[in-house]
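*Asks:* Fold the following for me, if possible:
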Amino acid sequence: MTDSRLPSLSPLEARVLGVLIEKQVTTPDYYPLTVNALVAGCNQKSNRDPVMNASEAEVEMALDALKRQTLVIDSYGASGRVMRYAHNLPKVLDIGQAATSLLAALMLRGAQTPGELRTGCERLYRFADISSVEAYLEEMSARAAGALVTKLPKQPGSREHRWAHLLSGTVPIESVTVASAEQIGSVTTGEIAALKSTVAELRDQVAELRAMVEQLSKDFGTAR
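*Replies:* All right, here's what the predicted structure looks like:
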């Protein structure tokens with residue numbers, strides 16, 4: 001369970017916070033972000049799960065809610081003309097860059113395995129290996145001030161546990177597992193079809209190469 005002192009974020013509020021953390025590192029020249037930049041970041045089609053279609057008004061409402069929890073601060077920036085927004089998550093939760101990056105990845109792309117998190121966090125924080133990611137996740141889940149993440153049950157056929165953040169409350173395990181299982185089933189079918197096609201192409205290529213090698217051997221033997 002989450003601690004009462006922890007934030008309780010809506011999915012859009014979590015997405016806004018994740019975007020601010022991400023863009024602070026990946027596009028520092030444009031940080032703090034304007035509302036327009038936040039809308040674009042929230043509605044990105046890549047590196048987002050689920051994909052959203054939030055309006056400017058919805059993002060502004062999310063920002064107001066985050067400001068009330070001091071998770072976001074606003075300013076007019078260097079130009080003094082357009083309001084910009086920055087996150088304040090590490091100070092509010094008293095956590096470092098590694099934990100902040102893991103939370104951002106989970107808020108932006110949903111539940112993930114340690115391996116997926118290590119790859120997804122690469123631009124935000126470089127973890128030495130998967131064991132390092134797991135160590136941080138375990139520490140975040142056992143945090144005295146309230147768990148920030150939780151380990152989900154293994155999915156059928158999966159070797160790794162997935163992890164989810166708790167800044168939006170407890171995770172409905174059943175719905176997450178069912179949805180993910182359906183997703184895995186459809187992806188696996190497509191992957192199998194693609195793999196079969198690739199294997200067939202490779203077999204043809206190997207057969208052609210063998211024929212070429214045999215012909216070269218004959219030609220070389222004749223020449224000698």
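*Asks:* Does residue 107 lie in a helix or a strand, and which?
*Replies:* Using DSSP states H and E, residue 107 sits within helix 97-109.
*Asks:* got the buried residues for that helix?
*Replies:* Neighbour-count burial for helix 97-109 flags 98-109 (criterion: 16 or more other Cβ atoms under 10 Å). Using the backbone N, CA and C atoms, a C-beta is placed for each residue, glycine as well.
*Asks:* Stretch 135-143 too?
*Replies:* In stretch 135-143, counting by 16+ other Cβ under 10 Å, buried: 136-137, 140, 143.
*Asks:* so for that stretch, what's the average pLDDT?
*Replies:* Stretch 135-143 shows a mean pLDDT of 97.
*Asks:* quick one: contacts for the nearest residue to residue 133 once chain neighbours are set aside?
*Replies:* Counting by Cβ to Cβ, 6 or more residues apart in numbering, residue 114 is the residue found nearest to residue 133 once chain neighbours are left out, at 4.3 Å. Shown in contact with residue 114 (Cβ atoms under 8 Å, 6 or more residues apart in numbering): 130, 133-134, 137, 160-161, 163.
*Asks:* redo that, cut-off 6 Å
*Replies:* 130, 133-134 (Cβ atoms under 6 Å, 6 or more residues apart in numbering).
*Asks:* Could you export those as TSV, including distance to residue 42, neighbour count and secondary structure?
*Replies:* Formatted as TSV, the contacts of residue 114 follow (distance: Cβ to Cβ, whole Å; neighbours: other Cβ atoms under 10 Å; DSSP: H, G, I helix; E, B strand; the rest coil):
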residue	distance to residue 42	neighbour count	secondary structure
130	29	16	helix
133	25	25	helix
134	29	20	helix
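*Asks:* closest to residue 10 among these?
*Replies:* Ranking these by separation from residue 10, with Cβ to Cβ as the measure, puts residue 133 on top at 26.7 Å.
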